[in-house]
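Chemist: Okay, sequence plus prediction incoming.
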Amino acid sequence: MPATRSAGPAMVIASGLARTVVAPVGVVYPASRTMQQPRRWAGVDAARGVAVAGMLVVEQMPGGPKAHPWLVHATWNGWTGADLVFPCFLFIVGIGVDEMLRRRGAHGLGRLCRRAIALVVIGILFNAWPADGRNFEFARWPGVLQRIGLVGLLCGIVVVLLKRRIWPIVAVTGGLLVLYAQLLTKVPLVCGTGAIAQDCNVPGAVDAAVFGTAHIYHQGALGHDPEGLVSTIGALATALVGVAVVRALRAWPGWRGVGTVAGAAMLMWAATHLHLAGPDVNKRLWTPAFVLLTGATSIFSLLLCHIVADMVGTRAMRGVRVAANAVAWPWVALGRNALIVYVGQHVLGAIVQSTPAHIDEQRTSVAGYLQNHVLAGGWFGLDSQWTYVTAMLVLWTAVAAAMHSVRWYVTL
């Protein structure tokens, strides 16, 4: 992962880590600027930054006396706030893939292929970090980075084949969801045709057969892997929703595009809650209903960031424009260095949670020491758990902000 200074519109595709996105149609810049390289679409960076912050909060929230169920992934059917974070990354991956291939054409597929291989390798090493004996005997083969790399490549192939039109992308996305729903509900299993249980489902059966139960989520204890092979169909549909959205914003400039996309998001949300999308919302299997639900929430997040960072931040009167850019800046900084924040916070979190420490005669970890001793009093009325998470978020925001201020970005 070389650290390089930005040389124009380059940005990360991994972990929602999409390479540069050009300014949305409808945002007008002076003629002198339009003769140069296009301005980055700051709203996409900001939306990615919001997702990075959400990811950090979910991963770093320590256990303690106060439960925070909204920050814990749903065990099976249903959803929580934690379940909305990763789909937002893949949604933005779709946006980045479409914009990169729009500039590079089919030649960009080679880059996506190399990036996919790198992400798979890094992801496997990432998962092997806590493995007993520091070997790969029980390392999990699927994972978050692996899914991002594979989905980015598959999305790129679809984008190249369908060129720059919107409705073919919508049709393919719908077709994938119908196909996946049929696989979930029609394929016969030993435990029954169409079974969708934690210990019996089509994605779980395929993952166990391909990877072996020792190399999937929790060594197969739950009978499925949330980033497994078959559920990648749903994840690909999530990325293609991002492609359709960016093409709509490009085709219908300004508020017309915002309104059109927001309307589509409300229809997606309604389809989920009216049970029109097949099996229940399930993040572990990335069901079609989950795709529609999280696609809608990702759209709303992007539109809010787009309005603040791109529309108000470039077209409003000076005072309002300055305020909008100030609000967006830290989120943009997080989004520009999403990869370093994602990997860094995970490694640091693993270190502080596994390094032993003592409070009087009680054995704990450095994380426990920080939570129960150093930060026990809390900040600004927050309990010790939220204070710990806030400290981690402030730390990594400061790192990303320092790198962003000198235009130093870690990319693949």
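Modeler: Received it, and whenever you're ready, just let me know what you need. Numbers count the residues shown, from 1 in each chain.
Chemist: which SS state does Arg247 fall under?
Modeler: Secondary structure state of Arg247, per DSSP: H, G, I helix; E, B strand; the rest coil, is helix.
Chemist: How many residues are close by it?
Modeler: Using other CB atoms under 10 Å, the number of residues around Arg247 comes to 22. For every residue, glycine as well, the C-beta is placed using N, CA and C.
Chemist: Distance-wise, check the nearest residue to it once chain neighbours are set aside relative to Ala391.
Modeler: Once flanking residues are discounted, Arg247 sits nearest to Ile166: 4.6 Å by CB to CB, 6 or more residues apart in numbering. Distance, Ile166 to Ala391, using CB to CB, to the nearest Å: 44 Å.
Chemist: How about Ala128?
Modeler: Computed as CB to CB, the Ala128 to Ala391 distance reads 28 Å.
Chemist: Would you state the strands of this protein in chain order?
Modeler: Secondary structure of the chain, counting by DSSP state E: strands at 3-5, 356-359, 362-365, 408-410.
Chemist: Of those strands, which is nearest Leu348?
Modeler: Closest approach to Leu348 among these (CB to CB): strand 362-365, 12.8 Å.
Chemist: what's the distance between that closest one and the middle of its chain?
Modeler: Distance of strand 362-365 from the chain centroid (CA atoms, centre = their mean, to the nearest Å) equals 34 Å.
Chemist: which other helices and strands contact it?
Modeler: Packing partners of strand 362-365 (3 or more CB pairs under 8 Å, 6 or more residues apart in numbering; DSSP states H and E): helix 338-354, strand 356-359.
Chemist: gap between the two ends of stretch 403-412?
Modeler: End-to-end span of stretch 403-412 (CA to CA, to the nearest Å): 16 Å.
Chemist: Pass me the low-pLDDT residue ranges in the stretch 301-412 of the chain, would you?
Modeler: Per-residue confidence for the stretch 301-412 of the chain (pLDDT under 70) gives these ranges: 359-361, 376-377.
Chemist: mind listing the helices in it by residue range?
Modeler: Secondary structure of the stretch 301-412 of the chain by DSSP state H, counting those that start in this stretch: the helices cover 313-315, 318-336, 338-354, 366-369, 384-405.
Chemist: Ok, which of those comes nearest Gln146?
Modeler: Comparing those by CB to CB, helix 338-354 comes nearest, at 13.6 Å.
Chemist: If you count neighbours, what's buried in the closest one?
Modeler: Within helix 338-354, the residues that count as buried by 16 or more other CB atoms under 10 Å are Ala338, Leu339, Ile340, Val341, Tyr342, Val343, Gly344, Gln345, His346, Gly349, Val352.
Chemist: My guess is the last one contacts Gln371. True?
Modeler: Okay, so that is Val352. No: the criterion here is CB atoms under 8 Å, and Val352 misses it with Gln371 at 9.8 Å.
Chemist: could the helices and strands packed on strand 362-365 go into a markdown table alongside distance to Gly295?
Modeler: Below are those laid out as a markdown table (distance: least, CB to CB, whole Å):
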| stretch | distance to Gly295 |
| --- | --- |
| helix 338-354 | 20 |
| strand 356-359 | 43 |
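Chemist: and of these, who's closest to Ala316?
Modeler: helix 338-354 (27.1 Å).
Chemist: Residue nearest the middle of the chain, spatially speaking?
Modeler: The residue lying closest to the centre of the chain (CA atoms, centre = their mean) is Phe89, at 2.0 Å.
Chemist: what about that one, distance to Val151?
Modeler: Distance of Phe89 to Val151, computed by CB to CB: 10 Å.
Chemist: And Gln353, by the same measure?
Modeler: Taking CB to CB, one finds Gln353 at 29 Å from Val151.
Chemist: Ok, Thr260 next?
Modeler: Counting by CB to CB, the separation of Thr260 from Val151 is 25 Å.
Chemist: The two: which is more packed in?
Modeler: Val151 (25 against 15).
Chemist: low pLDDT regions in the protein?
Modeler: Along the chain, the parts satisfying pLDDT under 70 run over 1-39, 62-67, 129-135, 219-221, 223, 359-361, 376-377.
Chemist: Go ahead and confirm Val291 touches Ala181.
Modeler: No: counting by CB under 8 Å, Val291 sits too far from Ala181 to count as a contact (10.2 Å).
Chemist: Looking at the two, which has the bigger crowd around it?
Modeler: Per other CB under 10 Å, whichever of Val291 and Ala181 has more neighbours is Val291, with 29 against 18.
Chemist: and Ile196, how many neighbours?
Modeler: 21.
Chemist: Next up, the contacts around it.
Modeler: By CB atoms under 8 Å, 6 or more residues apart in numbering, the contact list for Ile196 reads Leu184, Thr185, Pro279, Asn282, Leu285.
Chemist: Show me which of those residues is closest to Arg114.
Modeler: Leu285 (29.7 Å).
Chemist: and Ile196, what are its phi and psi?
Modeler: Main-chain torsions, Ile196, degrees, to the nearest 10: phi -130, psi 80.
Chemist: how much space is there between it and Asn77?
Modeler: 9 Å.
Chemist: so what sits against both of those two?
Modeler: By CB under 8 Å, 6+ apart, Ile196 and Asn77 have these common neighbours: Asn282.
Chemist: Which residues does stretch 164-177 contact?
Modeler: Stretch 164-177 is contacted from outside by 102, 158-159, 162, 233-234, 236-237, 240-241, 243-244, 247-248, 251, 277-278, 288, 291-292, using CB under 8 Å, 6+ apart.
Chemist: Now, of these, which are buried?
Modeler: Burial by neighbour count, 16+ other CB under 10 Å: within the contacts of stretch 164-177 this picks out 102, 158-159, 162, 233-234, 236-237, 240-241, 243-244, 247-248, 277-278, 288, 291-292.
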